[in-house]
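# Any chance you could fold what I've pasted below:
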Amino acid sequence: MPDTDKYQIEIQPMPQFIPEQSDPDNDRYIFAYTISIKNIGSVPAQLVSRHWIITDGHNDVQEVRGLGVVGKQPLLQPGETFQYTSGSSLTTPIGTMKGTYQMVAEDGTHFEAVIPEFVLASPRALH
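Numbers count the residues shown, from 1 in each chain. Coordinates of the predicted model:
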């Protein structure tokens, strides 16, 4: 069994538009997203930091880096899932987010978990 099987994180994003906090007349679109992070590898791994690439409908890119997620650096045992909800603001009714979580396994191995690209869209932005 190759070592790469030891370091595997499954990430499932679930975005949602927040109309009551958005102000389309002033180009302010608020989105929440819930992320499920599951350790499908065979060694415990800790989420240390994050790197987001947020692209709006004008192709303007914003990069966000920081320690942990929502103030936490969860340690995930094999098979364990951590879920959190955060938010993002765009100046357009549609955009995308993707990125990586920087992980450290219990054995000291550093690896990245890829956050698959997902779409942020207000209900009338997609037809």
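# can I assume Y29 is in contact with T92?
Yes - if you go by Cβ atoms under 8 Å, Y29 and T92 touch, sitting 6.7 Å apart. Every residue, glycine included, has its C-beta placed from N, CA and C.
# what about these two, which has more around it?
Using other Cβ atoms under 10 Å as the criterion, Y29 and T92 rank with Y29 on top: 26 against 18.
# Doesn't that one lie inside a strand?
Yes - counting by DSSP: H, G, I helix; E, B strand; the rest coil, Y29 falls inside a strand.
# ok, it to G108 distance?
Applying Cβ to Cβ, to the nearest Å, the value for Y29 to G108 is 41 Å.
# Need the pLDDT of L126.
Note for L126: predicted pLDDT of 56.
# Contact partners for K98?
Contacts for K98 (Cβ atoms under 8 Å, 6 or more residues apart in numbering) come out as W52, I53, V114, I115, P116, E117, F118.
# can you pick the most crowded of those?
Going by other Cβ under 10 Å, I115 tops the contacts of K98 with 22 neighbours.
# Tell me how far it lies from G41.
16 Å.
# Repeat that for L67.
Where G41 is concerned, L67 sits at a distance of 22 Å (Cβ to Cβ).
# Neighbour count: these two, which is higher?
Counted by other Cβ under 10 Å, L67 and G41 do not tie: G41 has more neighbours, with 22 against 12.
# Give me the nearest residue to the more buried one, chain neighbours excluded.
Leaving aside its sequence neighbours, G41 sits nearest to Q8 (Cβ to Cβ, 6 or more residues apart in numbering; 4.1 Å).
# again, but for A113
Sequence neighbours aside, I9 is the residue nearest to A113 in space, at 3.5 Å (criterion: Cβ to Cβ, 6+ apart).
# Please verify my assumption that that neighbour contacts S36.
No - using Cβ under 8 Å as the test, I9 is too far from S36 to be in contact (10.5 Å).
# dump the residue contacts of R65.
R65 makes contact with S49, R50, H51, W52 under the criterion Cβ under 8 Å, 6+ apart.
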